[in-house]
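3D model of this:
(4 chains)
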There are 2 protein chains.
Amino acid sequence: MVTLKDIAERLHISITTVSRALAGYSDVSPETIRLVRNTATEMGYVPNSIAQRLQKKVTDTIGVVVPYSAKGYGEPFFSELLAGIGKEASEQGLDLLVAYAKREKELSFYKKLIDGRRVDGFVISRTLCHDERIDYLSSIDFPFASFGMVENKQDFPFVEEDSDYAMACVVDHLAGKGHTRIACIAPPLSVMFSAVRLRAVRKHMELIGLSLPDEMVCIGSFDQKDGYVQAHKLLDLPHPPTAIICFNDSIAFGAINAGKERGLSIGTDLAITGFDDVPMAELYRPPLTTVRQPIADIGSLVTKLLIKAIQEKHPTYRAKADGIEKMQIILCPTLIIRESS
Amino acid sequence: MVTLKDIAERLHISITTVSRALAGYSDVSPETIRLVRNTATEMGYVPNSIAQRLQKKVTDTIGVVVPYSAKGYGEPFFSELLAGIGKEASEQGLDLLVAYAKREKELSFYKKLIDGRRVDGFVISRTLCHDERIDYLSSIDFPFASFGMVENKQDFPFVEEDSDYAMACVVDHLAGKGHTRIACIAPPLSVMFSAVRLRAVRKHMELIGLSLPDEMVCIGSFDQKDGYVQAHKLLDLPHPPTAIICFNDSIAFGAINAGKERGLSIGTDLAITGFDDVPMAELYRPPLTTVRQPIADIGSLVTKLLIKAIQEKHPTYRAKADGIEKMQIILCPTLIIRESS
DNA sequence: GTATACCTCTAAAATGTTTTGGGTTTTTCA
DNA sequence: TGAAAAACCCAAAACATTTTAGAGGTATAC
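Model (predicted):
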């Protein structure tokens, strides 16, 4: 492996000059710069990134901790988000370090990566209303950006969707079809997006004169199986709903299956909506009415926010988040109406 | 941040001794070891992994390059595999570096990560019959392990499923239901698994006296949309098939949709089988008959193979692949019969 | 009583880079 | 012609660790 020293010896100049020539400092003559750069490429020089990192006290790496539970790994949500983050990182010349941690060990992974100086910052997703990751990272002033806000804190970089608007669209759409008994299937309300979406649904139903009684709100998990179970519960009620708002697409797929199993015609007898618009939504039968959130693009956006946050600590940071002004971004999602409603 | 030097100064001993005490060398007295370790934890010492890496010439990081095309990111296949790799890596104390590269830039990402000495080895997946990644890595003797073999080379670590057996099961199952006009929808045959599976299907059909004419073999892409298109093509034939073997689950979902659209009853009029058994397979309507490959577990297994390969270069490597003997592993998949056939 | 082995510790080198703080030569301008 | 300024270059320190090679002392063996 060829090093700066090798180049220096070959050209009979100092290592310093080689380093500065490659970096394009103005106190190196244009000739020398040209000469050094040519020899470097000719000799196949590639900087040793580890040595660079040791010296610069920067890792050029961003971290993502993906939680996993025993029952299953990759929810489509995380893989989409990861792809967006990874794409942006790769384009900016940053490495993406992914750690898979059991839920209960999650925070210790953040600590380990920070203490080992292995990442410059984190992308956080699926925030909780009170999120210990965010509390911890803010408390030690370590750079991060998140997809999702939290209940008690506002002064950190995040991307959030306008749930109020999204749910208003969904409720209006269903009410417009004549539905009055509308139910919800939600993940645990400790999860920020779940709490926010439920609040939004309730608010808009009341606004248009509908009520959302407690038995019409089912709290479960994130996945299809749970959507199936919760939908059956709802349909077992003495006055079952005619429309079910599911807080993500996986849940909605499960709910559709439950409805079908009871011989209901999804879209006419029973309306079902999702949230996210994962690729499968369009291709499911019937195709799912849902709220589009371009998750991969959001991943890129959060990454840009993170880069900006890191830059403020390291003004000479290699990656630049051009065109990013605000530290908090609220996206406006769109309702995609398909046959399930 | 506390360093070895800080500990050494506090205890009035040398940096060397601190280092060796923490590492548990036998030429440090038990007392000193105890003292040093206590002070280290008390002071909150965490080794600077970058400095360690520079010295040890090892990164404790494994790399995965995920290809993406313009139209879509995370196929379920990659996210499952990634989860398995990540889980294993995290358990072994290794970092997982994920790069997202456009197909045409894929090889250059490998080179970049190697030249920048950023990973100790790679996990490769979805091999091609002639795979330039494998050619390159073997040629420079850089450690890797793959999910999938290649046509012209046998002496590298890989995990492969027994396609011959799997396809024999599928063909027997369909033939047992009385199907004689059986078709295939396959990804490009330059992809190793696609070529191998097609060969296996053909072989077993001939073995039981059936033929697989050319018009019954559709070559397309990997995704649902393509499955849909190809299935329509097959059903447009003068003598359409009564069973379609899809070479992965996504393709099968698309084929099911195409069949439904024509008013065919999937499972009775038209049998459809998939491959992989992704979580959605069980939950699709109708549930998909498919070949189970535990992709996440395979990810872990390939990672273990990789660790073993790295160990052979660095006998002192931190991660150990215990219980891994062979360098090539052929897994026996199982046919999961559901309602789609 | 001397040689040997052993136990415990350490100074210095090495890893490959960037930065600091000059140093030397050449150019510019009065 | 002399002084100041500019242009170009470099030695050494620093980053935090591990390894090498050996020092100094005590215990063991003959």
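
ok, residues contacting stretch A:194-205?
Residues from elsewhere that reach stretch A:194-205, judged by Cβ atoms under 8 Å, 6 or more residues apart in numbering or on different chains: A:129, A:151, A:163-164, A:166-168, A:170-172, A:182, A:184, A:186-189, A:211-212, A:217, A:219, A:245, A:247, A:275. No exception for glycine: its C-beta is placed from N, CA and C like everyone else's.

restricted to strands, list those.
Using DSSP state E, the subset of those located in strands is A:182, A:184, A:186, A:217, A:219, A:245.

ranking those residues by neighbours, who comes first?
Highest neighbour count within these: residue A:245, with 33 neighbours (other Cβ atoms under 10 Å in any protein chain shown).

and chain A, what are its domain boundaries?
As given by automatic domain parsing, the domain ranges for chain A are A:4-47, A:61-161+A:297-332, A:163-293.

can you put these in CSV and add mean pLDDT and distance to residue B:63?
Formatted as CSV, these follow (pLDDT from 0 to 100; distance: least, Cβ to Cβ, whole Å):
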stretch, mean pLDDT, distance to residue B:63
domain A:4-47, 96, 15
domain A:61-161+A:297-332, 91, 9
domain A:163-293, 95, 26
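
wait, is residue A:179 part of a helix?
No: under DSSP: H, G, I helix; E, B strand; the rest coil, residue A:179 falls outside any helix and is assigned coil.

before we move on, back to that, separate out the buried members of the contacts of stretch A:194-205.
The neighbour-count test (16 or more other Cβ atoms under 10 Å in any protein chain shown) marks A:129, A:163-164, A:166-168, A:170-171, A:182, A:184, A:186-187, A:189, A:212, A:217, A:219, A:245, A:247, A:275 as buried among those.

give the buried residues for the helix ranked longest in chain A.
The longest helix of chain A (DSSP state H) is helix A:295-313. By neighbour count on 16+ other Cβ under 10 Å, the buried set for helix A:295-313 is A:295-311.

which helices and strands does it pack with?
helix A:76-91, strand A:121-125, strand A:144-147, strand A:158-161, strand A:328-331 (3 or more Cβ pairs under 8 Å, 6 or more residues apart in numbering or on different chains; DSSP states H and E).

and it, does that touch DNA strand C?
No: Helix A:295-313 lies out of reach of DNA strand C by Cβ under 7 Å from any atom of the strand, never closer than 14.4 Å.

mind listing the strands in the stretch 1-150 of chain A by residue range?
A:61-68, A:95-102, A:121-125, A:144-147 (DSSP state E, counting those that start in this stretch).

now render those as a markdown table, adding distance to DNA strand C.
Output for those, formatted as a markdown table (distance: least, Cβ to the nearest atom of the strand, whole Å):
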| stretch | distance to DNA strand C |
| --- | --- |
| strand A:61-68 | 16 |
| strand A:95-102 | 16 |
| strand A:121-125 | 19 |
| strand A:144-147 | 24 |
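
leaving out sequence neighbours, find the closest residue to residue A:51.
residue B:54 (5.7 Å; Cβ to Cβ, 6 or more residues apart in numbering or on different chains).

thinking again about what came up before, just name the most buried of the helices and strands packed on helix A:295-313.
strand A:144-147 (a mean of 26; mean count of other Cβ atoms under 10 Å in any protein chain shown).

looking at the domains of chain A, which is nearest to DNA strand D?
Nearest to DNA strand D, of all the domains of chain A, is domain A:4-47, at 3.4 Å by Cβ to the nearest atom of the strand.

any idea how far residue A:194 is from the nearest residue to residue A:287 once chain neighbours are set aside?
Closest residue in space to residue A:287, ignoring its immediate chain neighbours: residue A:338 at 3.8 Å, by Cβ to Cβ, 6+ apart. Distance, residue A:338 to residue A:194, by Cβ to Cβ, to the nearest Å: 23 Å.

what's the neighbour count on residue A:222?
Neighbour tally, residue A:222, other Cβ under 10 Å: 21.

got the residues of chain A near DNA strand C?
Contact residues, chain A versus DNA strand C (Cβ under 7 Å from any atom of the strand): A:1, A:3-5, A:15-16, A:19-20, A:22-23, A:27, A:45, A:47-48, A:51-52, A:54-56, A:316.

enumerate the residues of the stretch 51-200 of chain A near DNA strand D.
So far as Cβ under 7 Å from any atom of the strand goes, the stretch 51-200 of chain A lies against DNA strand D at A:51, A:54, A:55, A:57.

just among those residues, which is most surrounded?
residue A:54 (19 neighbours).

on that earlier part again, can I get the domains of chain A in CSV with distance to residue B:256?
Formatted as CSV, those follow (distance: least, Cβ to Cβ, whole Å):
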stretch, distance to residue B:256
domain A:4-47, 49
domain A:61-161+A:297-332, 19
domain A:163-293, 8
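
which among those domains is found nearest to residue B:135?
For the domains of chain A, the distance to residue B:135 is smallest for domain A:4-47, at 19.2 Å, taking Cβ to Cβ.

can you give me the buried ones in stretch A:25-37?
Buried residues in stretch A:25-37, counted by 16+ other Cβ under 10 Å: A:28, A:33, A:35, A:36, A:37.

in helices, which of those residues appear?
A:33, A:35, A:36, A:37.

would you check that the third one makes contact with residue A:6?
No: applying Cβ atoms under 8 Å as the test, residue A:36 and residue A:6 come out as separate, 11.9 Å apart.

tally of neighbours for the residue nearest to residue A:27 when sequence neighbours are not counted?
Excluding the flanking residues, the one nearest residue A:27 by Cβ to Cβ, 6+ apart is residue A:20, at 6.9 Å. Here the number of neighbours of residue A:20 (other Cβ under 10 Å) works out to 17.

repeat that for residue A:23.
Neighbours of residue A:23 (other Cβ under 10 Å): 9.

check residue A:2 too.
Residue A:2, neighbours per other Cβ under 10 Å, totals 16.

contacting residues around it?
Shown in contact with residue A:2 (Cβ under 8 Å, 6+ apart): A:43, A:44, A:45, A:46.

need the contact partners of the longest helix of chain A.
Under Cβ under 8 Å, 6+ apart, the answer for helix A:295-313 is A:62, A:77, A:80-89, A:92, A:94, A:120-123, A:125, A:143-147, A:157-159, A:276, A:278, A:317, A:319-321, A:324, A:327, A:329, A:331, B:73-74.

now render the residues of the stretch 51-200 of chain A next to DNA strand D as JSON lines, adding pLDDT.
Shown next, in JSON lines, are those (pLDDT from 0 to 100):
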{"residue": "A:51", "pLDDT": "96"}
{"residue": "A:54", "pLDDT": "96"}
{"residue": "A:55", "pLDDT": "95"}
{"residue": "A:57", "pLDDT": "93"}
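
among those, which lie within helices?
Per DSSP H, those map to helices at A:51, A:54, A:55.

would you work out how far apart the start and end of stretch A:270-280 are?
End-to-end distance for stretch A:270-280, by Cα to Cα, to the nearest Å: 20 Å.
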